[in-house]
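[1] Model the structure of this input:
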Amino acid sequence: MLLSVENLVTGYGRKQVVNGVSFDVTKGEIVALIGHNGAGKSTILKAILKILPIWKGNIYFDGQTLALTRQCDLVRSGIAYVPQGNRVFGGLTVRENLEIAGTSLNTKVAIQKIDLTLDLFPVLATKIRQRASTLSGGEAQMLSVANALIPKPRILILDEPSLGLAPPLVSKTLNLIQKICKESGTAALIVEQKVREVLKIAERVCVLRAGQVTYFGLASTLDNEEKLREAYL
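    You can find the predicted model right below:
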């Protein structure tokens, strides 16, 4: 098991938001984390990323408890995070963004990784000298994912990668994530509000309601509106 969340309890201040959540992600697998607003999806990501403390339970990555891993060492361990909102360095060029993402690598390896990553994102290759602030929303999202891929992570953690994208770009972005995972063997844990779209690329899905798991299993099981509604309600 690559990532394992076991009986996780956490929240903000004195407010408990996540109530004993358990799920896992295997190597190379895409798992979708879905639920209504306030269900605890982003809170779980923050606990995995050590932004929030674990009150009870545990989180393991490749068999090692993350309680013993410093936040600054998460990238080195193989965890990459793509936050909401296309967060890139707008004042820097596309290449400079990618170079910053590769600072943990030696120069030769970083250059090779940048070239390989640009092969996945040919649109970015044509805009390599442009400032990131001039990119469209979809292009900025691509750059955000590209930045996360530079250190060659073992798992991508994505928080609503479709946020702010025009409808035609949602499927394109999620399909690109699926392609990357399939070709590189990278796993992905995706929080996404575009439920029907993310279910098309996920192998398994974890449905949350009020901080608890109502369904965790094959995404293909939720193949119609009635089954999906039962999981949510």
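[2] contacts and neighbour counts: CA atoms only from here.
    Fine.
[3] Mind naming the longest helix for this protein?
    In the chain, assigned by DSSP state H, the helix with the most residues is helix 167-184.
[4] Next, the contact list for Ser42, please.
    Contacts of Ser42 were listed using Cα atoms under 8 Å, 6 or more residues apart in numbering, and they are Asp159, Val191.
[5] Kindly report the same for Trp55.
    Residues Leu8, Val9, Thr10 are the ones in contact with Trp55 under the rule Cα under 8 Å, 6+ apart.
[6] ranking these by neighbours, who comes first?
    Neighbour counts for those were taken using other Cα atoms under 10 Å; the highest belongs to Thr10, which has 26 neighbours.
[7] Model confidence for it, exactly?
    Model confidence at Thr10, given as pLDDT, is 97.
[8] what does Leu98 give?
    So, for Leu98, pLDDT stands at 94.
[9] Hmm, it is touching Ile150, no?
    Yes - with contacts counted by Cα atoms under 8 Å, Leu98 reaches Ile150, the gap being 7.2 Å.
[10] which neighbours do those two share?
    Shared contacts of Leu98 and Ile150 (Cα under 8 Å, 6+ apart): Ile114.
[11] which parts of the longest helix of the chain are buried?
    By neighbour count with 16 or more other Cα atoms under 10 Å, helix 167-184 contains the buried residues Val170, Ser171, Thr173, Leu174, Asn175, Leu176, Ile177, Gln178, Ile180, Cys181.
[12] Let's have the residues you listed in CSV, adding pLDDT and distance to Leu92.
    Output for those, formatted as CSV (pLDDT from 0 to 100; distance: Cα to Cα, whole Å):
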residue, pLDDT, distance to Leu92
Val170, 86, 25
Ser171, 87, 28
Thr173, 86, 23
Leu174, 91, 26
Asn175, 90, 27
Leu176, 87, 24
Ile177, 90, 24
Gln178, 93, 28
Ile180, 88, 25
Cys181, 91, 27
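[13] contacting residues around stretch 9-27?
    Among residues not part of stretch 9-27, those counted as contacts by Cα under 8 Å, 6+ apart are 1-8, 31, 39-40, 43-44, 47, 52-57, 154, 185-189, 206, 210-213, 216.
[14] got it, and stretch 88-100?
    The set of residues external to stretch 88-100 that reach it, using Cα under 8 Å, 6+ apart, is 110-111, 114, 124, 127-134, 140, 143-144, 146-147, 150.
[15] which residues of the protein fall in strands?
    When assigned using DSSP state E, the strands of the chain occupy the ranges 3-12, 15-25, 30-35, 56-61, 64-65, 79-82, 155-159, 187-191, 204-209, 212-218.
[16] Ala47 reaches Ile54, doesn't it?
    Yes - between Ala47 and Ile54 there is a contact at 6.3 Å, judged by Cα under 8 Å.
[17] Between the two ends of stretch 112-129, how far is it?
    Terminal residues of stretch 112-129 lie 18 Å apart, using Cα to Cα, to the nearest Å.
[18] Mind listing what's buried along it?
    In terms of neighbour count (16+ other Cα under 10 Å), stretch 112-129 has its buried residues at Lys113, Ile114, Thr117, Leu118, Phe121, Leu124, Ala125, Lys127, Ile128.
[19] Phi, psi for the fifth one please.
    Pointing back at Phe121 there. As for Phe121, its main-chain torsions (degrees, to the nearest 10) stand at phi -130, psi 70.
[20] Okay, now the unreliable bits of the protein?
    For the chain, residues meeting the criterion pLDDT under 70 lie at 86, 224-225, 232-233.
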